[in-house]
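S.K.: how does the following fold in three dimensions:
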Amino acid sequence: MKRAWFAVILLLVASLLQACAESRNQSISHPETEQFLEKSKESTYLSLTVTNKKSENHYFTYDLETKVLEEAAITPDTAQYPLGAVDRAQQLLYYAERDSTGSDQLFKLDLKTKQKEQLTKNLFAINYMIPAGNLVILAAASKEKNSVQPVTFNTETKQLNFWFGAEDDDTSVEDLTFNPYTSRLYATLFSAQEGRRNSKKTAETQADDTVPAVHRVVEYDLNGKSLRELYSAQEKIVRFHVSKDAKQAIMRSAPMVFERRELYLYDLETKRREKLDIPGISTVSHAVIAPDEKGLFILGVPNSMGEASSSIEKSGPPNGLYYFNLDTRQVTPIFIKDEHYINNFVLLKQ
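M.R.: Model (predicted):
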């Protein structure tokens with residue numbers, strides 16, 4: 001009888017221990033935390049490159065969901081054009097730095113270990129930089145070519161892939177943008193030879209301005225495969241960014257090379273464009289369509305500061321990052337700092 005009761009007690013104790021273990025496992029789960037982590041993994045952000053008077057480049061991220069601006073790293077300002085991009089998923093910074101030959105190369109900085117690594121050796125200049133998974137897409141000039149062209153660096157194989165053949169030193173990149181939701185790239189291309197011919201004609205005729213080379217916007221996949229041409233015109237197009245749903249684009253262009261560039265909202269279906277004036281902003285140098293497609297993120301110069309300039313010697317902030325609501329026409333400042341110039345930013349998805 002005692003053995004029977006003892007067996008019953010053992011069963012009860014075992015049941016209680018199992019219940020406690022299950023309860024403990026459930027308390028560790030935290031569904032809300034898991035949802036937050038999952039959301040953070042898929043969050044969209046802007047990566048900014050900012051230069052100060054101390055010849056330093058500061059790299060910031062601005063989270064579009066939390067509205068939090070964070071500084072990721074600081075590097076010396078040595079490149080011909082200050083440029084970098086933070087890969088939040090991998091906790092890495094990719095940036096341009098001048099090497100011992102005076103050329104700009106692609107570097108990587110591990111944001112956790114602070115370990116720095118040079119990734120390329122045969123580039124000369126880098127104008128655009130977009131991290132996308134195990135690829136870093138660049139618009140760069142190699143030491144063998146004069147033209148700036150699309151280049152892909154594979155972070156796993158450590159190989160550079162030049163999209164255009166060695167014989168093509170004519171096709172040049174004016175602008176390169178990325179849609180992180182569709183993994184599509186948009187390159188604004190022009191003929192360098194045509195540009196030189198037009199400049200020569202301007203000098204010979206002593207014209208006031210130069211007719212631009214034909215600029216065309218081509219959509220590519222991440223492997224450099226041309227998918228379609230979205231736009232083509234004889235105008236100077238310095239910005240063409242496609243919206244999340246790929247139905248419209250923000251473009252900045254001018255009919256002549258040295259004429260003031262205007263900002264337009266371009267409908268990719270109807271081919272119509274609408275001129276945009278940003279209240280309180282004299283010059284817009286950079287713009288992307290927000291993921292909600294209700295506004296724009298822009299780099300602009302307040303009216304009180306005059307024309308855009310990369311100089312940070314004058315008093316006051318030389319430029320700032322703003323959000324422009326297309327419906328209300330309201331301009332909201334995001335990042336403005338005295339003696340700090342925002343060179344560029346790129347829209348990315350973690």
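S.K.: from here on, just use CA atoms for contacts and neighbour counts.
M.R.: Will do.
S.K.: what sits up against stretch 293-307?
M.R.: If you take CA atoms under 8 Å, 6 or more residues apart in numbering as the criterion, stretch 293-307 is touched by 243-244, 280-290, 308, 316, 318-327, 342, 344.
S.K.: spit out the contact partners of Leu347.
M.R.: Contacts for Leu347 were tallied using CA under 8 Å, 6+ apart; they are Thr44, Tyr45, Leu46, Ser47, Phe178, Asn179, Pro180, Val288.
S.K.: any idea how far it is from Tyr231?
M.R.: Leu347 sits 21 Å away from Tyr231, going by CA to CA, to the nearest Å.
S.K.: mind putting the contacts of Leu347 into TSV with distance to Arg273?
M.R.: Output for these, formatted as TSV (distance: CA to CA, whole Å):
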residue	distance to Arg273
Thr44	27
Tyr45	27
Leu46	26
Ser47	28
Phe178	21
Asn179	20
Pro180	23
Val288	16
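S.K.: among those, who's most crowded?
M.R.: For those, the largest number of neighbours (other CA atoms under 10 Å) sits with Phe178, at 29 neighbours.
S.K.: circling back: out of the contacts of Leu347, which are inside helices?
M.R.: Per DSSP state H, helices hold no members of those.
S.K.: what's the most distant pair in the residues you listed?
M.R.: Based on CA to CA, the longest span within those runs between Ser47 and Asn179 and measures 14.1 Å.
S.K.: pretty sure Arg228 sits against Val218.
M.R.: Yes - judged on CA atoms under 8 Å, Arg228 makes contact with Val218 at a distance of 5.9 Å.
S.K.: out of these two, which sits in the more crowded spot?
M.R.: Under the neighbour definition other CA under 10 Å, Arg228 and Val218 were set side by side, and Val218 has more, 18 against 11.
S.K.: please report the distance of the more buried one from Glu174.
M.R.: Val218 sits 12 Å away from Glu174, taking CA to CA as the criterion.
S.K.: mutual contacts of these two, please.
M.R.: Ala187, Thr188, Leu189.
S.K.: nearest residue to the last one in space, please, no chain neighbours.
M.R.: The shortest distance from Leu189 to any residue that is not its chain neighbour, by CA to CA, 6 or more residues apart in numbering, is 4.8 Å, and that residue is Val173.
S.K.: for the one you found, list the residues it contacts.
M.R.: Listed by CA under 8 Å, 6+ apart, the contact set of Val173 reads Ala139, Ser147, Val148, Gln149, Pro150, Ala187, Thr188, Leu189, Phe190.
S.K.: could you give me the average pLDDT of the helix or strand it falls within?
M.R.: Assigned by DSSP states H and E, Val173 falls within strand 171-179. Taken as a whole, strand 171-179 has a mean pLDDT of 98.
S.K.: then that strand to CSV, C-alphas only?
M.R.: In CSV, the C-alpha atoms belonging to strand 171-179 read as follows (Å, rounded to 0.1, in the frame of the first residue of the first chain):
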residue,chain,number,x,y,z
THR,A,171,28.6,54.9,-71.4
SER,A,172,28.6,56.9,-68.1
VAL,A,173,26.4,57.0,-65.0
GLU,A,174,24.9,60.3,-64.0
ASP,A,175,22.8,58.8,-61.2
LEU,A,176,22.2,55.4,-59.6
THR,A,177,19.3,54.7,-57.3
PHE,A,178,17.8,51.6,-55.6
ASN,A,179,14.3,50.3,-54.8
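S.K.: so what does the helix or strand that it is followed by touch, helix or strand wise?
M.R.: Where DSSP H and E defines the elements, the next helix or strand beyond strand 171-179 is strand 184-191. For strand 184-191, the packing partners by 3 or more CA pairs under 8 Å, 6 or more residues apart in numbering; DSSP states H and E come out as strand 171-179, strand 215-220, strand 236-242.
S.K.: ok, now with 7 Å
M.R.: Of the remaining helices and strands, those touching strand 184-191 by 3 or more CA pairs under 7 Å, 6 or more residues apart in numbering; DSSP states H and E are strand 171-179, strand 215-220.
S.K.: the longest one pairs with which strands?
M.R.: In the sheet containing strand 171-179, the strands it pairs with under DSSP bridges are strand 184-191 (antiparallel).
S.K.: can you give me the helices in this protein?
M.R.: For the chain, applying DSSP H gives helices covering 2-29, 31-41, 192-205.
S.K.: contact partners for Val86?
M.R.: Listed by CA atoms under 7 Å, 6 or more residues apart in numbering, the contact partners of Val86 are Ser47, Leu92, Leu93, Tyr94.
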